[in-house]
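> Dropping a prediction and its sequence here:
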Amino acid sequence: MRHLLSLVFFAVFITFSFGQNTNDSVPKKAKEKKIELRVMPYLSYNRNLDFMFGAIPMAMYRINHTDTIAPKSLSGMSAIYTTNKSYFLAFFNKWYLNEDKWRLKLFFFTGNQNSQFFVDDIDQPDFYDYGTKTTILSIGGQRKVFGQFYAGLSYTYAYYNTVYEDDISPSSISHSNALVVNLLYDTRNAVY
């Protein structure tokens, strides 16, 4: 019995020792794709916009394939529709150039947000609907000054056109422009 137990114990260890893999345990680095595509679904709900759904497709790529110092550039869009008939569409880009010495961005947004507000200082206090059409454009660039320190300039233009239900208030159109000087000290190991 004692010899049988020793034999079973020895057989179990021999079986496991032959079951080990002899390949290298360090995984081999996969070949980098020229373009990495990702799509992120968007689902949300709030009492103002109701049920929202959409998609956010993105692509990551290198502008210069030989530049391995600069992070991959990112381009994408966001398309969202809501059950209260609002919609939003955005395009975004972030480019890394010349071994991360230059960083450029481009952002464009357009949409129509339908909502409501309560008016209580009139003969018939009630909730009234309104819609705001919005367009925003932003462009910018940054240059590495030294080390991890960047300095840049960006410009943003925004346009808003709001129309109220039952002419409860006159429609309003507004434009805004912004010129921004920005400074960045970036110590991140990875920007994404």
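Thanks, I have it.
> Tell me the helix or strand right after whichever strand or helix holds Lys144.
Using DSSP states H and E, Lys144 sits within strand 126-146. As assigned by DSSP H and E, the chain's next helix or strand after strand 126-146 is strand 149-164.
> what pairs with the helix or strand following that following strand, and is each one parallel or antiparallel?
Heading C-terminal from strand 149-164, the first helix or strand you meet, by DSSP H and E, is strand 172-185. The pairing partners recorded for strand 172-185 under DSSP bridges are strand 149-164 (antiparallel).
> now the angle from the strand it pairs with to strand 126-146?
Here the directions of strand 149-164 and strand 126-146 differ by 160 degrees (axes from the mean of the first three to the mean of the last three Cα atoms, to 10 degrees).
> Mean confidence (pLDDT) on the strand holding Lys144, please.
Summarised as a single mean, pLDDT over strand 126-146 is 94.
> I'd like to know which elements it is packed against.
If contacts are counted by 3 or more Cβ pairs under 8 Å, 6 or more residues apart in numbering; DSSP states H and E, strand 126-146 sits against strand 102-119, strand 149-164, strand 172-185. Heads up, the C-betas are built off the backbone N, CA and C, glycines and all.
> Dump these into a markdown table; add distance to Arg143 as well.
Formatted as a markdown table, the helices and strands packed on strand 126-146 follow (distance: least, Cβ to Cβ, whole Å):
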| stretch | distance to Arg143 |
| --- | --- |
| strand 102-119 | 6 |
| strand 149-164 | 6 |
| strand 172-185 | 10 |
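> Out of those strands, the one nearest Ser86 is which?
Closest approach to Ser86 among the helices and strands packed on strand 126-146 (Cβ to Cβ): strand 102-119, 4.8 Å.
> And that closest one, how far out from the chain middle?
From the chain centre to the centre of strand 102-119 is a distance of 14 Å (Cα atoms, centre = their mean, to the nearest Å).
> Quick one: mean pLDDT over that strand.
The average pLDDT for strand 102-119 rounds to 94.
> So for that strand, what gets flagged as buried?
For strand 102-119, burial by neighbour count (16 or more other Cβ atoms under 10 Å) applies to 102-105, 107, 109, 111-114.
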